[in-house]
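**Q** Dropping the sequence and predicted coords here.
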Amino acid sequence: MRLLKYLLFICFFMINSICFAQTIQDIRLATTPNDGVRFVAELDKQADVSVSKLSNPPRLVLDFKKAQFDAQVLQKKWPTVGFVNACRTGNPSNQLSRIVLDFPDNCQWEEKHFSLEPQSAKNWRFVVDLKQTNSSKTQTKTSTNTQTVKKKKIIVLDPGHGGRDPGAISRSGKYEKDLVLKMAKETKEFLEKAGYKVVLTRSKDVFISLRGRIKKAHEANGDLFISIHADSAKNSSAKGLSIYTISEKASDKEAEALAERENKADILYGMDLGDYQQEVSDILIDLAKTDTMNKSSQYADNVVKEMKKKIQLLPNAHRFAGFVVLKSPNIPSVLLEMGYLSNRGEEKLMWQKSYRNKLSKALVDAVDKYFKDNP
């Protein structure tokens, strides 16, 4: 019996070895100095590859016979590289691993492919050099320029409170709603100079519900939502800027209390949320599992890095709380607390245009970095 099991194990190992003669351990795409694109697949053994050029839509299909993908290769995502729109992987059969390179419509190109033996590198490499034809280059560049105009990034700035809702009130009697509206309008100018389209949820002293603010962001097809506020605390010595992203669980009790105050705005002014609270809870859970929450945090981290070069921040300046206004499942959203109106020194700073300009410039730099990393 033991001998039979041993023989079966040996047969299973041999079958696997026959089925998968090589493993695709890595894939790379990069532009070349002559405006071409080079594709490289690294394998542990020499590749047996069938190369097919297809049209409607234009694509290049690479079929690796008796090959399997390393698990890390299947997890990778490839952004647009040069005139290659996408790189896709798949397994049409047990003994075939397929890589497909997608190109823009009507794109014409030439390709050369070859294998390189292991030298300084440990692995075999299968290389495809791609070069666009001249007529196709012109057409692609025109198409790209058109797409750039159409895809101008849209930033939605949300000055908190407004109308009958003053927000925090400083010791000198000034209102948060007025301060954040100034900040939003000034930041809008900086963003527009940097080439962004900017939409304000309010441009005057009016009350807008939390749901209304989110609706405006969606109607504008916003790529990024920034809600602007100023904080207040019983402790008059509290000071420093902070930025929030959404989370089911607040980062601390102060963050939880702040979210509760902000979320009551609809109820205070006759807006019954009804079943909306359950919807918010459901979306909060979903957000924790989506790319939107990660991107919101990415932008918030950018803001912290830029702001700390210029002004004082709260400890652990990137915080988390269940703000309703940040609930959009498909628009990365942050809530900025400029500082504390309850602190006389910080209040004085925030009413100075030169200080607000520092904040605006840092926000724009953070936006630039965000879209550079998320084109």
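**A** Yep, that arrived.
**Q** Okay, residue 210 and residue 95: tell me how far apart.
**A** 56 Å (Cβ to Cβ, to the nearest Å). The way it works is simple: take the backbone N, C-alpha and C, and place the C-beta from them, glycine included.
**Q** okay, the two: which has more neighbours?
**A** Ranked by neighbour count (other Cβ atoms under 10 Å), residue 210 and residue 95 place residue 210 first, with 24 against 15.
**Q** Next, that one: phi, psi?
**A** phi -60, psi -40 (degrees, to the nearest 10).
**Q** thinking it is in contact with residue 322, fair?
**A** No: judged on Cβ atoms under 8 Å, residue 210 makes no contact with residue 322 at a distance of 11.9 Å.
**Q** residue boundaries of the helices in the stretch 51-200 of the chain?
**A** 71-75, 134-150, 176-193 (DSSP state H, counting those that start in this stretch).
**Q** Which of those comes out lowest on mean pLDDT?
**A** The stretch with the lowest mean pLDDT among these is helix 134-150, at a mean of 49.
**Q** and residue 23, what helix or strand is that in?
**A** In the assignment (DSSP states H and E), residue 23 maps to strand 22-31.
**Q** So which bits of that strand are buried?
**A** In terms of neighbour count (16 or more other Cβ atoms under 10 Å), strand 22-31 has its buried residues at 22-25, 27, 29.
**Q** So which residue is smack in the middle of this structure?
**A** The chain has residue 295 as the residue nearest its centroid, 3.7 Å off, counting by Cα atoms, centre = their mean.
**Q** quick one: it is in a helix?
**A** Yes: Residue 295: assigned to a helix according to DSSP: H, G, I helix; E, B strand; the rest coil.
**Q** And the contacts of the helix or strand just after the strand holding residue 23?
**A** Under the assignment DSSP H and E, the closest C-terminal helix or strand after strand 22-31 is strand 37-43. With contacts defined as Cβ atoms under 8 Å, 6 or more residues apart in numbering, strand 37-43 is touched by 22-32, 47, 62, 64, 67, 81-84, 87, 99, 101, 121, 123-130.
**Q** With only the CA atoms kept, save strand 37-43 in CSV.
**A** Taking Å, rounded to 0.1, in the frame of the first residue of the first chain, the C-alpha atoms of strand 37-43 are listed here in CSV:
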residue,chain,number,x,y,z
VAL,A,37,7.3,50.1,-25.7
ARG,A,38,9.2,47.0,-24.5
PHE,A,39,7.4,44.0,-22.9
VAL,A,40,9.5,41.6,-20.9
ALA,A,41,8.4,38.3,-19.3
GLU,A,42,10.8,36.5,-17.0
LEU,A,43,10.6,32.7,-16.8
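**Q** What average pLDDT does it get?
**A** Rounded mean pLDDT across strand 37-43 is 90.
**Q** do the same with stretch 358-375
**A** pLDDT averaged over stretch 358-375 gives 93.
**Q** And stretch 48-66, by the same measure?
**A** 89.
**Q** Flag every buried residue along it.
**A** For stretch 48-66, using 16+ other Cβ under 10 Å, the buried residues are 49, 58-60, 62-64, 66.
**Q** Need the distance between the two termini of stretch 229-245.
**A** Stretch 229-245 has an end-to-end distance of 13 Å (Cα to Cα, to the nearest Å).
**Q** same deal with stretch 158-174?
**A** 19 Å.
**Q** what does that stretch contact?
**A** Taking Cβ under 8 Å, 6+ apart as the rule, stretch 158-174 contacts 175-177, 180-181, 183-184, 200-202, 204-208, 213, 217, 225-232, 236, 262, 265, 268-269, 325, 341-342, 344, 347, 351.
**Q** And stretch 361-369, by the same measure?
**A** Against stretch 361-369 from outside (Cβ under 8 Å, 6+ apart): 153, 155, 187, 190-191, 194, 196, 224, 226, 299, 302-303, 305-307, 309-311, 336.
**Q** secondary structure class for residue 217?
**A** Going by three-state DSSP: residue 217 is helix.
**Q** What residues does it make contact with?
**A** Residues in contact with residue 217 (Cβ under 8 Å, 6+ apart) are 156, 158, 199, 201, 225, 328, 331, 333.
**Q** what do you get for residue 155?
**A** Contacts of residue 155 (Cβ under 8 Å, 6+ apart): 191, 196-199, 222-224, 226, 367.
**Q** Save these as a markdown table, and put in neighbour count and distance to residue 163 too.
**A** As requested, the contacts of residue 155 are exported to a markdown table (neighbours: other Cβ atoms under 10 Å; distance: Cβ to Cβ, whole Å):
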| residue | neighbour count | distance to residue 163 |
| --- | --- | --- |
| 191 | 22 | 25 |
| 196 | 19 | 27 |
| 197 | 15 | 26 |
| 198 | 21 | 22 |
| 199 | 18 | 19 |
| 222 | 26 | 22 |
| 223 | 21 | 27 |
| 224 | 24 | 25 |
| 226 | 27 | 20 |
| 367 | 24 | 28 |
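**Q** Would you confirm that residue 86 contacts residue 77?
**A** No: Residue 86 is not in contact with residue 77 according to Cβ under 8 Å; the separation is 9.4 Å.
**Q** Those two: who's more crowded?
**A** residue 86 (15 against 6).
**Q** give me the beta-bridge partners of the more buried one?
**A** For residue 86, the beta-bridge partners under DSSP bridges are residue 102.
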